[in-house]
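Enquirer: what's the 3D shape of this:
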Amino acid sequence: MTMKSIEQLVDINEHAWQEIQDVLNQGETPYTILPKKDLQAQTTLLQMQITTKSYLGCIAYETGGILFDQGWIKLLGSGNEHIYGDLLSWNGQSQPESESSIITQPLAKALVVAYDVVGGFFALNGGGLGEQPSIYYFAPDTLEWEDTELSYSEFVIWLASGRLSQFYETMRWNGWQDDISALSPDRAIHFYPPLWTQEGSTDQSSKKAVPVAEFWNMNIVGK
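Expert: A predicted model of the protein is given here:
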């Protein structure tokens, strides 16, 4: 198959970036767009072979990533020092610049697009997680992939909508804002006992910052 050039992938006439910015600005979730590095953004788009007509291609090309709700969820772009990895490194096409822990094995037939601070992961299914081509969430309180029934663009709209507090109602604790503001970009909160055990809870379990890649290697690869 012939690879498309960067000129073919960056669609000037049907560029989704303004639409995405409108979605973010009209939503209720606080967000931070992380600046891109031009060469890295072009490399990401070329390797993914997705046009900027799509939300996924546009976020890969226009951002280093996007932080939602004070960094509770990190939406992957082409990479930035304030986020661990990028769309390529999380999916086995490169190594992240921060190597506190390496993702040992990517998903088969799915694309990781985001992660959260409690060890949850979001992936766009390509046949490896279920039948639907939708976003699946790996929930740290069940250790199962759950179908959100959202397309990637719908997922971005959901992130901006202000409904994260409802979705994470059982995974947030008093003072979580202060705790996650102190996290380095490559860390997530580990609970002990874990949330998937009967004894585990956000209020009673101890909390420790560990590399987010360790969650992946233990719960996804090692499962």
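
Enquirer: Quickly note the distance from the residue nearest to L87 when sequence neighbours are not counted to F138.
Expert: Closest residue to L87 apart from its sequence neighbours, by C-beta to C-beta, 6 or more residues apart in numbering: L76 at 4.8 Å. Just so you know, the C-beta spots here come from the backbone N, C-alpha and C atoms, and that holds for glycine as well. L76 sits 15 Å away from F138, going by C-beta to C-beta, to the nearest Å.

Enquirer: What score does the residue nearest to S165 when sequence neighbours are not counted have for pLDDT?
Expert: Nearest residue to S165, sequence neighbours excluded (C-beta to C-beta, 6+ apart): R172, at 7.2 Å. You'll see R172 listed with a pLDDT of 94.

Enquirer: Just to be sure, R172 is in a strand?
Expert: No - R172: not assigned to a strand; according to DSSP: H, G, I helix; E, B strand; the rest coil it is coil.

Enquirer: ok, it touching T202?
Expert: Yes - between R172 and T202 there is a contact under C-beta atoms under 8 Å: 6.4 Å.

Enquirer: So L76 and F138 - more neighbours on which side?
Expert: A count of neighbours by other C-beta atoms under 10 Å puts L76 above the other of L76 and F138, at 29 against 24.

Enquirer: next one: phi and psi at the more buried one?
Expert: Main-chain torsions, L76, degrees, to the nearest 10: phi -80, psi 140.

Enquirer: Beta-bridge partners for it, please?
Expert: Residues in a beta bridge with L76, per DSSP bridges, are G65.

Enquirer: got the contact list for the residue sitting nearest the centre point of the chain?
Expert: Nearest to the mean C-alpha position of the chain, by C-alpha atoms, centre = their mean, lies A114 at 0.8 Å. Each residue near A114 by C-beta atoms under 8 Å, 6 or more residues apart in numbering is listed here: 73-76, 121-122, 155, 159.

Enquirer: my guess is G128 contacts P106, does it?
Expert: No - counting by C-beta under 8 Å, G128 does not reach P106; the two are 10.2 Å apart.

Enquirer: who's more crowded, those two?
Expert: More crowded of G128 and P106, by other C-beta under 10 Å: P106, with 17 against 13.

Enquirer: Could you find the closest non-adjacent residue to the more buried one?
Expert: Leaving out its chain neighbours, the residue that sits closest to P106 by C-beta to C-beta, 6+ apart is G92, at 3.4 Å.

Enquirer: From Y55, how far off is the one you found?
Expert: Distance, G92 to Y55, by C-beta to C-beta: 22 Å.

Enquirer: neighbour-wise, which of these two wins?
Expert: A direct count of neighbours by other C-beta under 10 Å for G92 and Y55 places Y55 higher, at 21 against 14.

Enquirer: what about the nearest residue to that one once chain neighbours are set aside, how many residues close to it?
Expert: Using C-beta to C-beta, 6+ apart and skipping the chain neighbours, the partner closest in space to Y55 is S153 (4.2 Å). By other C-beta under 10 Å, 16 other residues sit near S153.
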